[in-house]
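S.K.: curious how this folds, go ahead:
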Amino acid sequence: MILDKTFPPDPRVENEAVSLVKNGFEVYLFSLNYGNRKKEEEINGIKVKRYATNKFMYKLSALVYTFPFYSFIMAKKIKRFLVNNNIEAIHIHDMQIAEAVFKANKRLKLSTILDLHDNMPEVIKFYPHLQKFPGKQLISPKKWKRKEEVFIKKATKIITVSQEFIDEVISRTRISKNKITLVPNTVQTEFYKKAKINNAILKKYESNFVLLYLGDTAIRRGLLTAIKALPKLIKKIPNIKLVIVGSNTTDYQLFEIVNDLKLDRYVDFEGWQNVALFPSYIKASAICISPLYRNIQHDVAYANKLFQYMSFGKPLLVSNAIAQKKLIEKVDSGLVHIEKDPIDFANKVFTLYNEESLRLKLGTNGKIFIENDFNWDKTSEKLIDLYKNIK
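M.R.: Model (predicted):
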């Protein structure tokens, strides 16, 4: 496995690697080291090898498909990793490091599995540094998209996270549907079966009607919609509390609007927390939210938080980004609001607030779905089959 980040943490990388190890595969993970971690160690059976990098290289990685330097430098490290560890197949985590991998593999000719965690050419359009000089002039999402299509055709197999993403890739690149495999982000059964609940968090929110958001808080994730809905919500639900567990460099925009609307007592910014605390925040909540803005990426992917929410039997309120809308309506595990519409968001919260039996029904449906159909033990089966049959 090749990852252009530090490890841990990365839930998808770890879930996939551990599943392969449990099924008899030997997994080596190439990852980066900014000087503060061991050069190598074993984590849950994964043989982690860390290669030195620095902040300059990190900044250079953003220009990977503008200038070739990052790929050339990384290719040398990756080739050394492949040769030294007698690697037989390469699993590439996302496209940022893909060109370096294909350079390193040019003569080795090993099978390559490209794992597209996200539709990166679309995601980078929303990065703050692409909204201003010099990032806007130097980084081209169109070039990223062209490169992605080259890598998709070059790879032996493709893995991605939703059926909608698969449909989009096939229609755009015309690859055979047999070349691409669905391995969605889902929760490990341990997440909800072996969770240790922090009673201090439950006590903190015991008198509140909590709307919970977990994860990256970039503006495109839609939290402005939830915040703007609060002035209407507090009129009928005076004990409401929006609890945000996560962060992003754009959080100052969220802080500003909370201050401008004088909503400080109704919003808790908890920042990044250890994943081990997520179950406690979920248990403390009444409704769990994913108010994504619609775009090409959000329309074809859904976040792991949806499954974390459902695993604890909580009702969801999500925006009408296509993939998550279809999922929630299919499972009947929540309500759907119009993206960027605080009034519709508030009205859906009122519906759930006023109907406790509806909240219970939707939450139960989600929990049953996770337990029976959509936990990692079930959804990782296709990943295992792919490697058992790789040539």
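S.K.: what is the neighbour count of residue 239?
M.R.: The burial count assigned to residue 239 is 11, neighbours taken as other C-beta atoms under 10 Å. C-beta coordinates here come from the backbone N, C-alpha and C atoms, glycine included.
S.K.: that one and residue 210 touch, don't they?
M.R.: No: counting by C-beta atoms under 8 Å, residue 239 sits too far from residue 210 to count as a contact (9.3 Å).
S.K.: secondary structure class for the most centrally placed residue in the chain?
M.R.: With distances taken as C-alpha atoms, centre = their mean, residue 303 lies nearest the centre of the chain, 5.2 Å away. What DSSP: H, G, I helix; E, B strand; the rest coil gives for residue 303 is coil.
S.K.: got a list of what residue 332 touches?
M.R.: By C-beta atoms under 8 Å, 6 or more residues apart in numbering, the contact list for residue 332 reads 361, 362, 365.
S.K.: what helix or strand does the last one sit in?
M.R.: What it means is residue 365. In the assignment (DSSP states H and E), residue 365 maps to helix 356-372.
S.K.: on the three-state scheme, residue 133 is what?
M.R.: coil.
S.K.: just checking, what packs against the helix holding residue 365?
M.R.: With contacts taken as 3 or more C-beta pairs under 8 Å, 6 or more residues apart in numbering; DSSP states H and E, helix 356-372 sits against helix 305-311, helix 322-331, strand 334-337, helix 342-354.
S.K.: mind putting the ones you listed in a markdown table, mean neighbour count, distance to residue 103 and mean pLDDT included?
M.R.: Below are the helices and strands packed on helix 356-372 laid out as a markdown table (neighbours: other C-beta atoms under 10 Å; distance: least, C-beta to C-beta, whole Å; pLDDT from 0 to 100):
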| stretch | mean neighbour count | distance to residue 103 | mean pLDDT |
| --- | --- | --- | --- |
| helix 305-311 | 27 | 35 | 96 |
| helix 322-331 | 19 | 33 | 96 |
| strand 334-337 | 24 | 44 | 98 |
| helix 342-354 | 19 | 47 | 98 |
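S.K.: which one, of those, ends up nearest to residue 371?
M.R.: Judged by C-beta to C-beta, the one of the helices and strands packed on helix 356-372 that comes nearest to residue 371 is helix 305-311, at 7.9 Å.
S.K.: may I ask which of the contacts of residue 332 has the most neighbours?
M.R.: residue 362 (25 neighbours).
S.K.: just give me the neighbour total for the residue nearest to residue 123 when sequence neighbours are not counted.
M.R.: Spatial nearest neighbour of residue 123, excluding adjacent residues (C-beta to C-beta, 6 or more residues apart in numbering): residue 297 at 5.1 Å. For residue 297, the count of nearby residues is 23 (other C-beta under 10 Å).
S.K.: give the other helices and strands that the one helix or strand residue 297 maps to contacts.
M.R.: If you go by DSSP H and E, residue 297 is part of helix 296-300. For helix 296-300, the packing partners by 3+ C-beta pairs under 8 Å, 6+ apart come out as helix 120-123, helix 163-173, helix 322-331.
S.K.: and the average pLDDT for stretch 55-70 is what?
M.R.: Stretch 55-70 carries an average pLDDT of 89.
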